[in-house]
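*Asks:* compute the structure for the input listed below.
(one chain, ligands or ions: 2)
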Amino acid sequence: MKIALIGYGKMGKMIEEIAISRGHEIVSIIDIDNTADFDSDAFRSAEVAIEFTSPTAAYGNYLKAFEQGVKVVSGSTGWMTEHKADVERLCNEEGHTLFWASNFSLGVAIFSAVNKKLAEIMNRFPQYAVSMQETHHIHKLDAPSGTAITLAEQVVDGLDRKNGWQLGITYNANGTKTGSTECPDDKVRIDAVRRGEVPGIHTINYDSKEDLISITHSAHNRRGFALGAVLAAEFTAEHEGLLSTDDLFDF
Ligand SMILES: NC(=O)C1=CN([C@@H]2O[C@H](COP(=O)(O)OP(=O)(O)OC[C@H]3O[C@@H](n4cnc5c(N)ncnc54)[C@H](OP(=O)(O)O)[C@@H]3O)[C@@H](O)[C@H]2O)C=CC1
Ligand SMILES: O=C(O)C1=N[C@H](C(=O)O)C[C@H](O)C1
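*Replies:* Ligands and ions are numbered 1, 2, ... in the order given. Below is the predicted model of the structure:
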């Protein structure tokens, strides 16, 4: 399959390696210094463009790819609050195709299934207070992580006593602590830690006076994300509309 890459950083390079190893051809690579290449025959020849850039660049890149009639798979995080409604309209009403996931790894898909089930169980046990923590490398631009937001939304959907999430304490790259542990009872608190080169750790805690139940997903490297993005591209070539990992990993 012909694939274009938008964003040639840590993820773009790993996706290139995995896509080639699975027999795909990279027909166009667009990074920050050659964005004019969206308007090229090479880019237009792609069946799917895989986009991993930044919170501020992602939405504009979707529009540029759609303008060229190219489907998009994207893992960029941090743009949803501002542009979710527009993306839903573009895909559900205007015929464009975007496969977006805050986390493409199989491990997080499995972890999400456990998270949803645990949240439902906890409706019967109000003595357990839920909170979350995510830890990522110091280069990460957004907090909380996209994965943490998705996991928190799953908790909110399943657990009747919560109706939203709130960013709690943030430990930034030089160890400075900002934010607060103060959090309304009806919100899930998410703490965010920025440390070294950590690829991504997400923990959900249910704490009571007697014990603590914790579930953690810890990525050892970025290969799981990159493989998931290539699998999503293979799926997207055959499907239309707004797609997600729920469509890909059928739990
Ligand atoms: N969903 C998932 O499974 C995962 C999601 N992510 C998310 O993916 C995104 C990228 O992550 P990562 O690869 O680690 O980040 P990097 O910073 O390593 O790479 C991003 C690349 O995009 C380039 N870029 C920035 N703006 C544009 C633009 N307008 N057009 C084209 N290219 C641009 C950057 O160039 P320059 O460096 O010159 O600015 C850089 O080369 C982040 O939002 C991250 O949160 C990451 C891992 C997994
Ligand atoms: O920026 C990253 O690195 C990651 N971003 C995604 C997120 O915000 O959840 C996925 C993964 O955790 C790595």
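*Asks:* what's the burial count for Glu93?
*Replies:* For Glu93, the count of nearby residues is 8 (other CB atoms under 10 Å). In short, each C-beta sits where N, CA and C put it, glycine included.
*Asks:* dump the residue contacts of it.
*Replies:* For Glu93, the contact set (CB atoms under 8 Å, 6 or more residues apart in numbering) is empty.
*Asks:* run through the helices of the protein in chain order.
*Replies:* 10-21, 41-44, 58-67, 80-92, 106-121, 146-158, 223-236, 245-248 (DSSP state H).
*Asks:* got the residues of the stretch 1-150 of the chain near ligand 1?
*Replies:* For the stretch 1-150 of the chain, the contact set with ligand 1 under CB under 6 Å from any ligand atom comprises 6-12, 30-32, 35, 52-55, 57, 61, 75-78, 101-104.
*Asks:* which residue does the protein have closest to ligand 1?
*Replies:* Closest approach between the chain and ligand 1, counting by CB to the nearest ligand atom: Gly9, at 1.8 Å.
*Asks:* give me the distance between the most far-flung residue of the chain relative to its centre and Glu16.
*Replies:* Ranked by distance from the centre of the chain (CA atoms, centre = their mean), the top residue is Glu210, with 33.9 Å. Glu210 sits 50 Å away from Glu16, going by CB to CB, to the nearest Å.
*Asks:* show the pLDDT at the residue farthest from the centre of the chain.
*Replies:* Among the per-residue scores, Glu210 shows a pLDDT of 98.
*Asks:* list the residues that contact Met1.
*Replies:* By CB under 8 Å, 6+ apart, the contact set of Met1 is 24-25, 47-48, 233-234, 237.
*Asks:* near ligand 2, which residues of the stretch 151-251 of the chain?
*Replies:* In this structure, the stretch 151-251 of the chain approaches ligand 2 at residues Gly200, judged by CB under 6 Å from any ligand atom.
*Asks:* get me the contact residues on the stretch 151-251 of the chain for ligand 1.
*Replies:* Residues of the stretch 151-251 of the chain lying near ligand 1 (CB under 6 Å from any ligand atom): Phe225.
*Asks:* and the residue in the stretch 151-251 of the chain positioned nearest to ligand 2, what does it touch?
*Replies:* Residue nearest to ligand 2 within the stretch 151-251 of the chain (CB to the nearest ligand atom): Gly200, separated by 3.1 Å. Taking CB under 8 Å, 6+ apart as the criterion, Gly200 is in contact with 103, 134-136, 145, 147, 217-219.
*Asks:* those residues, buried ones only, as a PyMOL selection?
*Replies:* Buried members of these can be picked out in PyMOL with the line below, counting by 16 or more other CB atoms under 10 Å:
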select buried, resi 103+134+135+136+145+147+217+219
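*Asks:* ok, so of the contacts of Gly200, who is nearest Val114?
*Replies:* Proximity of those to Val114 (CB to CB) peaks at His217, which lies at 9.2 Å.
*Asks:* tell me how the protein divides into domains.
*Replies:* Per automatic domain parsing, the structural domains of the chain span 2-104+223-248, 106-218.
*Asks:* and the shortest one, how far apart are its ends?
*Replies:* End-to-end distance of domain 106-218 (CA to CA, to the nearest Å): 12 Å.
*Asks:* with stretch 93-110 instead?
*Replies:* Using CA to CA, one end of stretch 93-110 lies 31 Å from the other.
*Asks:* does any part of that stretch sit near ligand 2?
*Replies:* Yes - residues of stretch 93-110 contacting ligand 2 under CB under 6 Å from any ligand atom: 102-103.
*Asks:* and that stretch, what's buried?
*Replies:* Residues of stretch 93-110 classed as buried: 96-106, 108-109 (neighbour count, 16+ other CB under 10 Å).
*Asks:* thanks again, I'm all set now.
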